[in-house]
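J.: Quick one, fold the following:
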Amino acid sequence: MNIYVLMKSTFDTEEKIVVENNKIVDDDAEFIINPYDEYAVEEAIKQKDNHGGKVTVVTVGNQESEKQLRTALAMGADEAVFINTEDDLENGDQYTTVRILEAFFDGKDFDLILAGNVAIDEASGQVGPRLADKLEIAYVTTVTKLDIKDKNVSIEKDVEGDIEKVESSLPLLITCQQGLNEPRYPSLPGIMKAKKKPLEELEIDDLDLDEDDVEQKTKTIEIFLPPERQSGKVLEGEMDNQVKELVSLLKKSAKVL
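T.: Alright, predicted model coming up:
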């Protein structure tokens, strides 16, 4: 089975976000594999163990992304492809990423493509479904269980806290949700082996694309942090007085009544 994983490098969830001059300052930030993409990497390895084949991890990004690809190789992926846009693109959006991935997959043989349900930085959830549409293959999102027998695929997906069962067939693209598996930590032998595994680096020129082909379709108007949460107010006194004070606050201060 030929399996590909779409992966993104994102801020560590423990990082403090700094915004200056309407831009996120990430010079000293620590980056990690997007947590939802870790489920995709783990599931790809499990499916390879069950059915044989090869797992290739693909990412579009800057030089920082190479570290996360090495982590995926240490987890057990076989090969990695780094599409480096650092020197070619100043800005991009979901259209940009999908257009690049569409060109990458042109002419390639694949059975299964996995991706995270969303990326924790922008949380659009668009890249996987839009790529499947371009490749003209079926896709299922928010997957929490995946069983493959020959070309037939049985899926359970999360639907707002409920479960929907879906039957499909390969080739297929799925996006992975929490609960699908428990991603493994890279072992020391895995880290050592990852150093020798193939990691191919491409630029958009290698995919017969130029900057106009991947120009973003959306524009970010403003980036800002949410306001600091104000301290709560404790109501005191008799219950009737508390209720009156609460109603008054909701009307005059919160203005929700």
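J.: ok, which stretches of the stretch 101-250 of the chain are strands?
T.: 112-116, 138-149, 152-159, 162-169, 172-176, 199-202 (DSSP state E, counting those that start in this stretch).
J.: elements contacting the first one?
T.: Read it as strand 112-116. On a contact count with 3 or more C-beta pairs under 8 Å, 6 or more residues apart in numbering; DSSP states H and E, strand 112-116 meets strand 2-7, helix 35-51, helix 127-135, strand 172-176. Just so you know, the C-beta spots here come from the backbone N, C-alpha and C atoms, and that holds for glycine as well.
J.: And N62, its phi and psi?
T.: Dihedral angles of N62 (phi, psi; degrees, to the nearest 10) stand at phi -100, psi -170.
J.: That one is in contact with F82, isn't it?
T.: No - the pair N62 and F82 does not pass the contact test of C-beta atoms under 8 Å, sitting 9.7 Å apart.
J.: returning to what we had before: of the helices and strands packed on strand 112-116, give the one that comes closest to Q68.
T.: Nearest of these to Q68, taken as C-beta to C-beta: strand 2-7 at 6.6 Å.
J.: quick one on the thing from earlier: for T220, find the nearest of the helices and strands packed on strand 112-116.
T.: Comparing the helices and strands packed on strand 112-116 against T220 with C-beta to C-beta, the closest turns out to be helix 127-135 (16.9 Å).
J.: so where's this protein shaky on pLDDT?
T.: 26 (pLDDT under 70).
J.: Dead centre of it: give me the residue that sits there.
T.: Centroid-nearest residue in the chain, with C-alpha atoms, centre = their mean: A119, separated by 3.5 Å.
J.: how about that one, what does it touch?
T.: Residues near A119 by C-beta atoms under 8 Å, 6 or more residues apart in numbering: K8, T10, N34, Y36, D37, V127.
J.: Neighbour count: N62 and F82, which is higher?
T.: Per other C-beta atoms under 10 Å, whichever of N62 and F82 has more neighbours is F82, with 22 against 16.
J.: nearest spatial neighbour of that one, skipping sequence neighbours?
T.: Nearest residue to F82 in three dimensions, chain neighbours excluded: E201, at 4.8 Å (C-beta to C-beta, 6 or more residues apart in numbering).
J.: and V159, what are its bridge partners?
T.: Here V159 sits in beta bridges with D162, going by DSSP bridges.
J.: L114 contacts Q177, doesn't it?
T.: No - between L114 and Q177 there is no contact under C-beta under 8 Å: 11.5 Å.
J.: okay, the two: which has more neighbours?
T.: L114 (28 against 19).
J.: Show me the chain divided up by domain.
T.: Residue ranges for the domains of the chain, per automatic domain parsing: 2-214, 230-257.
J.: Which of those sits closest to I223?
T.: Comparing those by C-beta to C-beta, domain 2-214 comes nearest, at 5.4 Å.
J.: hmm, back to that, tell me which of the strands of the stretch 101-250 of the chain sits most buried.
T.: Highest mean neighbour count of these: strand 112-116, a mean of 27 (counted as mean count of other C-beta atoms under 10 Å).
J.: V98 looks like it's in a helix, true?
T.: Yes - if the criterion is DSSP: H, G, I helix; E, B strand; the rest coil, then V98 is within a helix.
J.: on that earlier part again, export the strands of the stretch 101-250 of the chain to JSON lines and append columns for distance to V18.
T.: As requested, the strands of the stretch 101-250 of the chain are exported to JSON lines (distance: least, C-beta to C-beta, whole Å):
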{"stretch": "strand 112-116", "distance to V18": "25"}
{"stretch": "strand 138-149", "distance to V18": "32"}
{"stretch": "strand 152-159", "distance to V18": "33"}
{"stretch": "strand 162-169", "distance to V18": "39"}
{"stretch": "strand 172-176", "distance to V18": "30"}
{"stretch": "strand 199-202", "distance to V18": "29"}
